[in-house]
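# here is a sequence together with a model predicted from it:
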Amino acid sequence: MSARIPTLDIRRFDSDRDAFVAELGAAYREWGFAGISHHGIPQALIDEAYAAFRKFYALPEDVKKQYHIPGGGGARGYTPFGIETAKGSKHFDLKEFWHIGRELPDDSKYRDVMPPNVWPAEVPEFREYGLALYNALDALGSRVLSALALHIGLPADFFADKTNFGNSILRPIHYPPITADDIPNVRAGAHGDINFITLLVGASTAGLEVLSKKDEWVPFTSEGDTIVVNIGDMLERLTNHVYPSTIHRVVNPPGEAARQPRYSVPFFLHPNPDFLIDVLPSCVSEDNPSRYPEPITAHGFLEQRLREIKLK
Ligand SMILES: O=C(O)CCC(=O)C(=O)O
Ligand SMILES: [Fe+2]
């Protein structure tokens, strides 16, 4: 495998399925990351959503803080600068962010663990474009999961009824300009994502780095319409590490470039809260015995991890 993270054209999932699934599967086994191009999400939607998110972050701090929900674990609304801290890190990340969750009817059985969204009144279009991007990435994520399922001998629709009420989050992030010199903090400390898979749209400003199997940091800046898609800890656990949740970080740019802000929008695709993460039999072998004899619900796993990153 080359020292470059592959990018694949997802239209081949329809036109050239077997080869596409094999190549995608190989990329994820090696890197836990791949680029996905030709995904069909309109650039206009991505641009409109980014414009709305930027407008929000340009608001005064006291206005933004009105949308912070104390004790809410950052699940919905705004989380100010200086809170999230990568697991095991001494220094908080240099970012502020917003969480958009799934829209559910109030009588949904998942309502107790998936609270309603909040929306910033100052940016009325935030809701429309945020939800449209949420739904588009949810649909794209389902296609990637179909390919990942086929590659490990599961039916293409294996994940459909396990993610249809997934506790997924769209997270517009703002990394403000860095004005202080010699700070120990980085924009995002080295971490693995918690969820099934993450789809990162528009990571076109440099900074994202992925830890290779040789323990080398490999920059991954997407080009054109490419969306970066990586495996999270829940899918790593379910697949007994066949699909690795790869450590990544966002580094501070050198010199003057640090004075530029960075925006990015990951979509964390989660399973349904009551999905039981129990190692798949097809991912257990003599060479790779089960690493997790005890199953755990997706919600139980999430709670544990939120405490570790200081959001709970
Ligand atoms: O901003 C980025 O490019 C990556 C963000 C990230 O890794 C995360 O929020 O989990
Ligand atoms: Fe991440």
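Here it is on my side, so go on. Ligands and ions are numbered 1, 2, ... in the order given.
# next, count neighbours for S245.
Using other C-beta atoms under 10 Å, S245 has 24 neighbouring residues. For the C-beta atoms, the positions are set from N, CA and C on the backbone; glycine is no exception.
# going forward, the N-terminal residue is numbered 27.
Got it, first residue is 27 now, which makes that one S271.
# residue contacts, the residue in the chain that ligand 1 sits nearest to?
Closest to ligand 1 within the chain is S290: 3.4 Å, counting by C-beta to the nearest ligand atom. Contacts for S290 (C-beta atoms under 8 Å, 6 or more residues apart in numbering) come out as I199, Y201, L226, V227, G228, A229, T231, L234, V276.
# so how many other residues sit close to V305?
Other residues close to V305 by other C-beta under 10 Å number 21.
# contacts for stretch 237-245, please.
Residues from elsewhere that reach stretch 237-245 (C-beta under 8 Å, 6+ apart): 29-31, 56-57, 216, 232, 234-236, 272-275, 277.
# what residues does the stretch 77-226 of the chain put near ligand 1?
Contact residues, the stretch 77-226 of the chain versus ligand 1 (C-beta under 6 Å from any ligand atom): R197, I199, A214, D219, L226.
# turn those into JSON lines, columns for distance to G250 and neighbour count.
Formatted as JSON lines, those follow (distance: C-beta to C-beta, whole Å; neighbours: other C-beta atoms under 10 Å):
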{"residue": "R197", "distance to G250": "22", "neighbour count": "18"}
{"residue": "I199", "distance to G250": "21", "neighbour count": "22"}
{"residue": "A214", "distance to G250": "23", "neighbour count": "23"}
{"residue": "D219", "distance to G250": "23", "neighbour count": "24"}
{"residue": "L226", "distance to G250": "14", "neighbour count": "25"}
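# from those residues, which land in strands?
Among these, the residues falling in strands (DSSP state E) are I199, A214, L226.
# circling back to that earlier point, selection in ChimeraX covering whichever of the contacts of stretch 237-245 are buried, please.
The buried subset of the contacts of stretch 237-245, as determined by 16 or more other C-beta atoms under 10 Å, is captured in ChimeraX by this line:
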select :31,56,57,216,232,234,235,236,272,273,274,275,277
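# pick out the lowest-pLDDT one from the contacts of stretch 237-245.
Here the lowest pLDDT out of the contacts of stretch 237-245 sits on A29, with 73.
# for the closest residue to P32 other than its chain neighbours, pull up the helix or strand it's in.
Leaving out its chain neighbours, the residue that sits closest to P32 by C-beta to C-beta, 6 or more residues apart in numbering is A53, at 4.4 Å. In the assignment (DSSP states H and E), A53 maps to helix 43-57.
# from the contact counts, what lies against that helix?
strand 33-35, helix 38-41, strand 59-63, helix 151-177 (3 or more C-beta pairs under 8 Å, 6 or more residues apart in numbering; DSSP states H and E).
# what's the angle between the longest one and strand 59-63?
An angle of 110 degrees separates the directions of helix 151-177 and strand 59-63 when computed by axes from the mean of the first three to the mean of the last three C-alpha atoms, to 10 degrees.
# buried ones in helix 151-177?
Quick answer for helix 151-177 (16+ other C-beta under 10 Å): 152-153, 155-160, 162-164, 166-177.
# related to what we said a few turns ago, what's the angle from the helix holding A53 to strand 59-63?
Using the same axes, to 10 degrees: helix 43-57 against strand 59-63 is 140 degrees.
# dump helix 43-57 to PDB, keeping only the CA atoms.
Output in PDB follows, covering the C-alpha atoms of helix 43-57 (Å, rounded to 0.1, in the frame of the first residue of the first chain):
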ATOM      1  CA  ARG A  43     -19.300  -2.700  -7.300                       C
ATOM      2  CA  ASP A  44     -17.000  -5.700  -6.600                       C
ATOM      3  CA  ALA A  45     -13.800  -3.900  -7.500                       C
ATOM      4  CA  PHE A  46     -14.900  -0.800  -5.600                       C
ATOM      5  CA  VAL A  47     -15.800  -2.700  -2.500                       C
ATOM      6  CA  ALA A  48     -12.400  -4.500  -2.600                       C
ATOM      7  CA  GLU A  49     -10.500  -1.300  -3.000                       C
ATOM      8  CA  LEU A  50     -12.400   0.600  -0.400                       C
ATOM      9  CA  GLY A  51     -12.100  -2.300   2.100                       C
ATOM     10  CA  ALA A  52      -8.300  -2.500   1.500                       C
ATOM     11  CA  ALA A  53      -8.000   1.300   2.000                       C
ATOM     12  CA  TYR A  54      -9.900   1.200   5.300                       C
ATOM     13  CA  ARG A  55      -8.000  -1.900   6.600                       C
ATOM     14  CA  GLU A  56      -4.700  -0.100   6.000                       C
ATOM     15  CA  TRP A  57      -5.600   3.500   6.900                       C
END
